[in-house]
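Colleague: need a 3D model of the following:
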Amino acid sequence: MAKPILVSGIQPSGRLHIGNYLGALKNFVDLQNSGDYDCYFFIADLHSLTEQYDPHEKQKQILNLMADFLAAGLDPKKSTIYLQSLIPAHSELAWIFNTITPMGELERMTQFKDKAERQAANVNVGLFDYPVLMAADILLYSPKFVPVGDDQMQHLELTRTIARKFNARFGNIFFEPKGLLTKTPRVMSLKNPEKKMSKSAPESCLFIDDSPDEIRAKIARATTDSGSEITYDRESKPGLSNLLELYGAFTHMDPQTVAKEFGDKNYAEFKSALSVLVSSYFREFRDTKKKLLAKPATLKKTLESGSKKAAKIAETKIADVKKKIGLAL
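Modeller: The predicted structure is shown next:
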């Protein structure tokens, strides 16, 4: 019996931080290793064009993310790993979906409003149309499940809506995937624990390939609160609570239990323990990633191989779509 297909991707728009790891990449590896799914994981380089970027750095970002995928534990023998832009069917299907997607559906997307506010000088059509390309990314592979966090559920629901609209007009061809809701830890900024960690503020962000010295320095400078008692209280001690949550995310402990374990320690001692924990956790990852990046040709070859495999499925689907809408000769 065939395993259910699962699809998800990550943008190559800079180094991954621990929020990206805990919220997405670690989950990808766990899903792959469960053996329960036929996994398709892609690098969403077309999506990354909606942000400001340096064209000379884009290929580096793509290979860096591919190295992250492999170093974290994604295995090309267990999962299909591919590059979005190497498969023209993604863009082609997105355009076809554009013709059946009402403007009103896109105008209500909260992520567009949030991103437009953050990058007010670059509110482009791609940013607005992002969910339609995402629908194409998903529906091309007929997945049963799409791992998502809460912030992506609205986009996934639009994907399901587009599938229904297409099927109703042209005949059944698309399966409506279900969200595989992942429990995503809210990883907050080290400097401002009221805001989510963001790569746009690198000094308050722990990147998964940071060196032990960088990890130690950033955590040492992380915002804590007045007083010296180690207790978990999001209201009165947001800075310390953020660090307790972080410790708990890597040890599978709730933050209250972490606080009890360090109840007789001071802030500096707890920060030191957290630095050691994070640094040790990613030690093998850092070593493996360094070796992978030393062989860019191998990374490219692996990515191209996975893309060829994915393209066969995507090309079959887009051919079926063209027949349904009357474009096939």
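
Colleague: helix or strand right after the least confident helix or strand in the chain by mean pLDDT?
Modeller: Each helix and strand of the chain was given a mean pLDDT (mean pLDDT, DSSP states H and E); the minimum falls on helix 110-118 at a mean of 69. Next helix or strand after helix 110-118 toward the C-terminus (DSSP states H and E): helix 125-139.

Colleague: test for you: state the pLDDT assigned to residue 17.
Modeller: pLDDT for residue 17: 95.

Colleague: what of residue 126?
Modeller: Listed pLDDT for residue 126 reads 78.

Colleague: what packs against the longest helix seen in the chain?
Modeller: In the chain, assigned by DSSP state H, the helix with the most residues is helix 296-325. Contact here means 3 or more Cβ pairs under 8 Å, 6 or more residues apart in numbering; DSSP states H and E; on that basis helix 296-325 packs against strand 38-43, helix 55-72, strand 79-83, helix 89-98, helix 283-293. Quick note: C-beta positions are derived from backbone N, CA and C, even for glycine.

Colleague: identify each buried residue in the longest one, please.
Modeller: What that stands for is helix 55-72. 58, 61-72 (16 or more other Cβ atoms under 10 Å).

Colleague: and the angle from it to strand 38-43?
Modeller: Here helix 55-72 runs at an angle of 150 degrees relative to strand 38-43 (axes from the mean of the first three to the mean of the last three Cα atoms, to 10 degrees).

Colleague: the shortest one too?
Modeller: Relative orientation of strand 79-83 and strand 38-43, computed by the same axes, to 10 degrees: 20 degrees.

Colleague: what's in contact with strand 79-83?
Modeller: Outside of strand 79-83, the residues within contact range by Cβ atoms under 8 Å, 6 or more residues apart in numbering are 28, 32, 39-43, 45, 62, 66, 69, 74, 302-304, 306-307, 309-311.

Colleague: could you give the mean pLDDT of that strand?
Modeller: On average, strand 79-83 scores 98.

Colleague: what of stretch 129-144?
Modeller: Here stretch 129-144 scores 96 as its mean pLDDT.

Colleague: what's next to stretch 2-11, contact-wise?
Modeller: Residues outside stretch 2-11 that contact it (Cβ under 8 Å, 6+ apart): 16, 20, 24-25, 28, 31, 36-45, 47-48, 65, 84, 137-138, 141-148, 177, 180.

Colleague: actually stretch 212-223, sorry about that
Modeller: Contacts with stretch 212-223, where a contact means Cβ under 8 Å, 6+ apart, come from 190-193, 203-207, 210, 239, 242-243, 268, 271-272, 274-275, 278-279.

Colleague: from the chain's centre, how far out does the longest helix of the chain sit?
Modeller: Distance of helix 296-325 from the chain centroid (Cα atoms, centre = their mean, to the nearest Å) equals 21 Å.

Colleague: which intervals of this structure have sub-threshold pLDDT?
Modeller: Along the chain, the model assigns pLDDT under 70 to residues 112-114, 116-117, 119-120, 184-185.

Colleague: residue ranges of each domain in it, please.
Modeller: Domain assignment for the chain by automatic domain parsing gives 5-186+296-325, 211-281.

Colleague: residue 197 is nearest to which of these?
Modeller: Checking the domains of the chain against residue 197 by Cβ to Cβ gives domain 5-186+296-325 as the closest, at 4.5 Å.

Colleague: got the end-to-end distance for the closest one?
Modeller: End-to-end span of domain 5-186+296-325 (Cα to Cα, to the nearest Å): 25 Å.

Colleague: how about stretch 33-47?
Modeller: 27 Å.

Colleague: repeat that for stretch 146-159.
Modeller: 11 Å.

Colleague: buried ones in that stretch?
Modeller: 146, 147, 148, 152, 154, 155, 156, 158, 159.

Colleague: mind putting those residues into TSV with distance to residue 110?
Modeller: As requested, those are exported to TSV (distance: Cβ to Cβ, whole Å):
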residue	distance to residue 110
146	18
147	20
148	14
152	11
154	6
155	10
156	13
158	12
159	16
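
Colleague: what's the farthest-apart pair in the residues you listed?
Modeller: 147 and 158 (16.8 Å).

Colleague: surely residue 247 and residue 257 touch.
Modeller: No: contact criterion Cβ atoms under 8 Å: residue 247 and residue 257 do not qualify, at 9.8 Å.

Colleague: which of the two has more neighbours?
Modeller: Taking neighbours as other Cβ atoms under 10 Å, residue 247 and residue 257 compare with residue 247 leading, 22 against 13.
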